[in-house]
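J.: could you work out the structure for the sequence below:
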Amino acid sequence: MKNETNIQTIPQNQPTVNIKLDKEKQSWWNSLTDKQRQTIVSFSIVLGLSIVSVIAIKFASNKIRNIVANNEENNSFGDKQHSTWAKQLKMAFDNDGWWGTDENAIRQVLRAVPSQQDFQKVQTSYRKLYKGRNLIEDLTDELMSTEFNEMLAIIQAKPERSRAINEGAIYNPHAWATRLYNAMSIYYAGIFPGTDEAAILAVFNEMTSQKAFQDTEQAYQSLYSTSLSEDLDGDLDWSLNWRGIINQKPNQ
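T.: Below is the predicted model:
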């Protein structure tokens, strides 16, 4: 029951009048009409269901991603080499928690991938393993532009499909020239020139003969209008006996 107070007023020349003052504060909900209350209830139900739906969809999406990642993780221990390569690339990015990226490990993985078609499958496995991450974007973030161009040249030099490997070893002087150029075009912190000797040695290891180097020299001259031998001499500054490495190879 409401609390009421009777106040008696006696106006002049007027009979006595009793005025009732309601001291109970009216709530916001009670101040609404029935129609307004019904509208708010309906809207709250719809909004509540929407929030629950969003939470449920997000939860289900994360569960599905985890399942896909776990399945792809299991593949890395089986016959599916693509997921293993994808995992090795991520490990090279993380570099055992040390600062920086293990570029040599990335190079070794990319050299092991037999074809461009296989590299596409590595990208797919990488996306599944790491819940939507893009391998090319991560390579771009982890590597300097010259290093990225070198890795890209490794992939571009591969046959389109794995079945083409049976035709023989990859022989691509233009790709070797591109990789050597990028290995000698590194700038640390944007101002300090440097040379990636590991990248140069990786190219030399792929060359099976002195003729392969000579063909690469011609491609280098055609691509960059400069001498490969002179650039190697200038960048290596005798720290690496590259001529001795090449001269040890057969002529043809």
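J.: CA atoms for contacts and neighbours, from now on please.
T.: Will do.
J.: can you pull out the strands in this protein?
T.: Assigned strands in the chain, in chain order: 4-9, 17-22, 186-188, 192-194 (criterion: DSSP state E).
J.: and these, which one is worst for confidence?
T.: The minimum mean pLDDT among those belongs to strand 17-22 (a mean of 39).
J.: and Val203, how far is that from Ile191?
T.: Between Val203 and Ile191 the computed distance is 26 Å (CA to CA, to the nearest Å).
J.: oh, that last question was meant for Gln252, not what I typed.
T.: With CA to CA as the criterion, Gln252 and Ile191 are 40 Å apart.
J.: kindly report the same for Leu232.
T.: From Leu232 to Ile191 the distance is 20 Å (CA to CA).
J.: same check, this time on Ala86
T.: Taking CA to CA, one finds Ala86 at 33 Å from Ile191.
J.: got it, and Thr39?
T.: Thr39 sits 67 Å away from Ile191, going by CA to CA.
J.: and if you look at Phe93?
T.: Phe93 sits 24 Å away from Ile191, going by CA to CA.
J.: more crowded one of those two?
T.: Neighbour totals were compared for Phe93 and Ile191, and Phe93 leads with 23 against 8 (other CA atoms under 10 Å).
J.: for that one, which non-adjacent residue is closest in space?
T.: Excluding its sequence neighbours, the residue lying closest to Phe93 (CA to CA, 6 or more residues apart in numbering) is Thr101, at 5.0 Å.
J.: next: Arg127.
T.: Distances taken as CA to CA, 6+ apart put Arg133 closest to Arg127, at 5.1 Å, once the chain neighbours are dropped.
J.: what's the pLDDT at that neighbour?
T.: Note on Arg133: pLDDT of 90.
J.: quick check: phi and psi at it.
T.: phi -70, psi 150 (degrees, to the nearest 10).
J.: relative to Asp94, how far out is it?
T.: 14 Å.
J.: got it, and Gln116?
T.: 24 Å.
J.: of these two, who's got more company?
T.: Gln116 (18 against 15).
J.: ok, now which ones touch the closest residue in space to the more buried one that isn't next to it in sequence?
T.: If the residues on either side of it in the chain are set aside, Gln116 comes closest to Glu160, at 4.9 Å by CA to CA, 6+ apart. Glu160 makes contact with Ser115, Gln116, Gln117 under the criterion CA atoms under 8 Å, 6 or more residues apart in numbering.
J.: what residues are up against the first one?
T.: Just to be clear, that refers to Ser115. Ile155, Lys158, Pro159, Glu160, Arg161, Ser162, Ile165.
J.: repeat that with 7 Å
T.: Counting by CA atoms under 7 Å, 6 or more residues apart in numbering, Ser115 touches Lys158, Pro159, Glu160, Arg161, Ser162.
J.: out of those residues, which comes closest to Tyr171?
T.: Lys158 (9.2 Å; CA to CA).
J.: so how far is Asp235 from the closest one?
T.: Lys158 sits at a distance of 27 Å from Asp235 (criterion: CA to CA).
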